[in-house]
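Asker: coords below, sequence missing:
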């Protein structure tokens, strides 16, 4: 190591940076509650950045060129591997983003995808599987058993869209016993998204190759990313946050359970949703890329003798009226476009039935009694939805039965 | 798949090194391996543009061999014009048409910019001009040329290396590297990654936020803060990329030319362009500035040498600006640097002097104003920014200043500014020293931290050019 005035300035600037850091910390963070996730995350990142920048200064001070390279290669490798193995190991052990089959700690990013796939494996015979987004979370397998007499499982996931349905179908078809009917909550919001984002790594075998590569790379970025490291440290530091990140919990049959919400929360969320939906842009046509995926899903289901019942989930009547009263705006137009598209699918595919329950007043009019907000159904509203769909479900079951009788020698 | 990405550093690079050194035993095989790696690397960024790279490389190679260098240059530039400047030209024609009250307008092609097109086409044109000028003979080895053209460490954003120097190394690829060279490559990569992930991207987060919008900032101090932050982001991003490119090249036995030499230590505009994006400024100097000025001198005579330099500077630098992007803002920035060069040349000829420190401060002030031009996405932002820079709206509110003070970008700037002005921020700079083993450990830790701090899908800034 050698010093000259330039390097002395670097050393001093590192000192100034440390002083600045603690000054900002004292004035802005000292009294903050670090049990709060955003505060912890911000503070931890700043601290990590300071440490890393100090390492950069230190490394520059020791110099970049040497004739004793042989001495440093192994230490270099140890430095890299040490940090990466620690980060990846922590990410795997704590699993803050629900990508590994390990739920030792409540994840920062809860994922129904991870939980529901694991839970499904506990069931031997399921006749009906519910697919969908969080709008279908409370479709009760218990109520389906009671009213229609079938064994069912709720596999709906937060943000569920057509890519999820295809992956889930491939998962279901890999099992020795396949279901007979898929009850699929569908809508325009199930279409259009291209980014699969983070998914449990256990689902990668059920994805098409290009999706699998994208998800694998995304997982790699996450595991070797500072955010996962920070989130892991948060979960390790604050072990008593059970339930803090969980809006929903899941029972063994996939049914989602949620704590009741206050009136104020209900009103705020309803108003926010109405405001957001009315600002959404119009869709000129059905998203082609998603349509290809969804039709592939329906085709594969048909090829494997699975009947599919599609339904547009009911919404809070306040939201429905807002959309209809402003039906010249984009969101209403999108709904009509997709409604026509699903009707055409029901004609094209012999294994598909469709019902539009978006404006179903028996459910929509329940208001706060039936909804947590604008779109998420409470159990009683879900039961009415099942009642409304019973004719289609029973028709699908009859079709499935006659298809299996025809298939028998 | 950017150089600074998990996929490249954790998957592609280790696999490529393993194949290169363990499975391929001879020089020719290594050359082929490099070509395949380059093809895969390029295809990962968009396989549909691979035929364009291959096609233009073949055109260049055969045009040089057959003596059709003029056609080779025309076809290469045609590719660049089509993908990069066609719509810019049409937009201006449409604007003119609308201004004249005509209803006619041309439909834009809206073609995406293929990765590295500005860089590899300049390599091709430089090659053709060198062959034409007799600097060397046209290459006889197609495999060698294709590898030179598409060499993956430099295909995204340079450095623009000359054929003679690079081909000589590609013709003599080592069977194995000595440990010093390996370590040097690893250090270069570590430093580049750290500069990109820790400094450039942290500053980029602030600059991409609402704070850096017309409604987001007001006042002299916030405006200067943003300009300086941008100057640091651009420098650390691009020099970080260059360090990584050089480091990766070293690991495969190829030394690429450095692109930076402490540019913020420059004494004047001419010195700056000998330190910033050296390979590009060298290209423009050799293939544009000198030919233009020689041509003008022949036409105007030695008596008008100052005018010849004056015109050459403006023409060359305007084209440097245009190279950076199809937009009047970039051309204006280039023209502005031509103005700085001409002012400096006039000052030197005048025989006047000023204290070096004053000259340096004036130059830095001018340089930062230039970055203000460069970072402006449109005229509205540009006029807002410059109004703030000259203090038309006061110093800035206390609230805004406090928000900037506590932003993590300020922590980064406290490190970045001394580093940039110390001249120690490039891996290629510095004395050779004896190092203890813990030095390697520190560089390794830094590389890992750089990887952890990498943000998803943030490309190097110069890739967009």
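Answerer: That came through fine. Fair warning: this is a prediction, and the values are worked out from it, not measured in the lab.
Asker: ranges for the strands of the stretch 301-450 of chain B?
Answerer: B:432-433 (DSSP state E, counting those that start in this stretch).
Asker: do the stretch 101-250 of chain A as well
Answerer: Taking DSSP E, counting those that start in this stretch to define them, one finds strands in the stretch 101-250 of chain A at A:128-131, A:152-154, A:181-185, A:248-250.
Asker: how about those, which one is nearest chain B?
Answerer: Chain B lies closest to strand A:248-250 among the strands of the stretch 101-250 of chain A, at 26.9 Å (Cβ to the nearest Cβ). Backbone N, C-alpha and C define where each C-beta goes, glycine included.
Asker: Strand partners (parallel or antiparallel) of that closest one?
Answerer: strand A:256-258 (antiparallel) (DSSP bridges).
Asker: what about the nearest residue to residue B:195 once chain neighbours are set aside, distance to chain A?
Answerer: Closest residue to residue B:195 apart from its sequence neighbours, by Cβ to Cβ, 6 or more residues apart in numbering or on different chains: residue B:240 at 3.4 Å. Distance, residue B:240 to chain A, using Cβ to the nearest Cβ, to the nearest Å: 11 Å.
Asker: For residue B:240, what is the enclosing helix or strand?
Answerer: helix B:220-251 (DSSP states H and E).
Asker: For the chain, name the helix or strand with the lowest mean pLDDT.
Answerer: Picked chain A for this. strand A:65-66 (a mean of 66; mean pLDDT, DSSP states H and E).
Asker: actually it's chain B I care about, not the one you picked
Answerer: strand B:432-433 (a mean of 60).
Asker: that older thread, what is the helix holding residue B:240 packed up against?
Answerer: Helices and strands touching helix B:220-251, by 3 or more Cβ pairs under 8 Å, 6 or more residues apart in numbering or on different chains; DSSP states H and E, are helix B:13-18, helix B:152-155, helix B:179-194, helix B:201-207, helix B:356-375, helix B:379-389, helix B:398-406, helix B:408-422.
Asker: tell me the mean pLDDT over that helix?
Answerer: Here helix B:220-251 scores 94 as its mean pLDDT.
Asker: helices and strands around the helix or strand following it, which ones?
Answerer: In the C-terminal direction, the helix or strand that comes right after helix B:220-251 (DSSP H and E) is helix B:269-273. The contact analysis (3+ Cβ pairs under 8 Å, 6+ apart) places helix B:269-273 against helix B:328-350, helix B:356-375.
Asker: picking that back up, next one: the residue nearest to residue B:195 from residue B:155, what distance?
Answerer: 17 Å (Cβ to Cβ, to the nearest Å).
Asker: Kindly report the same for residue A:150.
Answerer: For residue A:150, the distance to residue B:155 - Cβ to Cβ - is 58 Å.
Asker: So for these two, which residue has more residues nearby?
Answerer: Higher neighbour count among residue A:150 and residue B:155: residue B:155, with 21 against 17, using other Cβ atoms under 10 Å in any protein chain shown.
Asker: what does the stretch 201-350 of chain B have sitting close to chain A?
Answerer: Applying Cβ under 8 Å from any Cβ of the partner chain, we find that the stretch 201-350 of chain B lies next to chain A at residue B:202.
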